[in-house]
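# generate a structure from the sequence data that follows.
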Amino acid sequence: MGKVSGQGELNFATGRHGGRRTGAGRPRIKDRRASERHQTRETFRASEPVHVVMRTVPQVGRLRKRDLHRAIRRASIVLGKHEDCRIVHASIQANHIHAIVEAKHRTALARGMQAFQISAAQRINRVVGRKGRVFADRYHATVLRTPRQVRNCIGYVLNNWRHHREDRRVRWTMDPFSSAVSFAGWRERAGKAFVPPLPDGYRPLITWFPKTWLLSTGWRRHGLIGLTEVPG
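Residues are numbered from 1 along each chain as shown. Now for the predicted structure:
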């Protein structure tokens, strides 16, 4: 990852060590939205999915491009080596990636997301033709503990393109920059041979079948998800 370095004049005028000082601590990264605070992450059970948001720096540009979709898709393959961490649902937005993840524990989540981000950063930089940081600081993680939370989050991740009005740019009913085509919980799909239109040669993001009760069955208590639902 790239670093900004610089050298300035050393100032010993205060005559003291330690304590709170103006400008001390980790430097802010300019021209980007604030990311996850550096604090101990929330613990969770293996039965509780986690919603992860990974934001990119402005220099990377727009992620919703076919070659970047391929790069991120290939990066997700690295999680196949991590049996204790897997992405079940995902979507790529203009400057961030959403993922609903099952992980055995907090450490497994951190290792899995680190592996994914490193692989994705390398591949994205290769496509864009640049070097340096790709993801803006730490990912944001929210633990999902109830069927309603999970149901709402699945709809939010898979239909997030409608929230950002990306659906107005194309004629597709499902977001091709997501794992929507692999999702069996669409209301329009219930009891039907449902084949949505997608771009020629399309290959969906790689995701894994859910193992937790909340992601496989529990969320259905609150109804299937409609293709035209617009997340709040």
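# for this structure, which residues score under the pLDDT cut-off?
1-40, 191-195 (pLDDT under 70).
# change it to 80
1-41, 169-171, 189-200, 232 (pLDDT under 80).
# which residues in it form helices?
In the chain, the helices defined using DSSP state H lie at 66-75, 106-128, 147-158, 160-163, 213-216.
# now do the longest one: which elements does it pack against?
Using 3 or more CB pairs under 8 Å, 6 or more residues apart in numbering; DSSP states H and E, the elements in contact with helix 106-128 are strand 50-55, helix 66-75, strand 85-92, strand 96-103. (Each C-beta comes from the backbone N, C-alpha and C, glycine too.)
# report the angle between the axes of the third one and helix 66-75?
Per axes from the mean of the first three to the mean of the last three CA atoms, to 10 degrees, the angle that strand 85-92 makes with helix 66-75 is 170 degrees.
# picking up where we left off before, okay, the helices of the chain, which one's buried deepest?
Across those, averaging neighbours per residue (mean count of other CB atoms under 10 Å) puts helix 147-158 on top, at a mean of 21.
# ok, back up a step: quick one, which of the helices of the chain is nearest to A94?
The closest approach between A94 and any of the helices of the chain, judged by CB to CB, belongs to helix 160-163 at 9.5 Å.
# kindly export that closest one (C-alpha atoms) in PDB.
Output of helix 160-163 as PDB, limited to C-alpha atoms (Å, rounded to 0.1, in the frame of the first residue of the first chain):
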ATOM      1  CA  ASN A 160     -28.300  -1.300  -3.500                       C
ATOM      2  CA  TRP A 161     -27.900  -0.200  -7.100                       C
ATOM      3  CA  ARG A 162     -31.500   1.000  -7.000                       C
ATOM      4  CA  HIS A 163     -30.700   3.100  -3.900                       C
END
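# how distant is it from the center of its chain?
Relative to the centre of its chain, helix 160-163 is centred 14 Å away, using CA atoms, centre = their mean, to the nearest Å.
# ditto for stretch 129-143
9 Å.
# and for stretch 53-62?
How far stretch 53-62 lies from its chain's middle: 11 Å, per CA atoms, centre = their mean.
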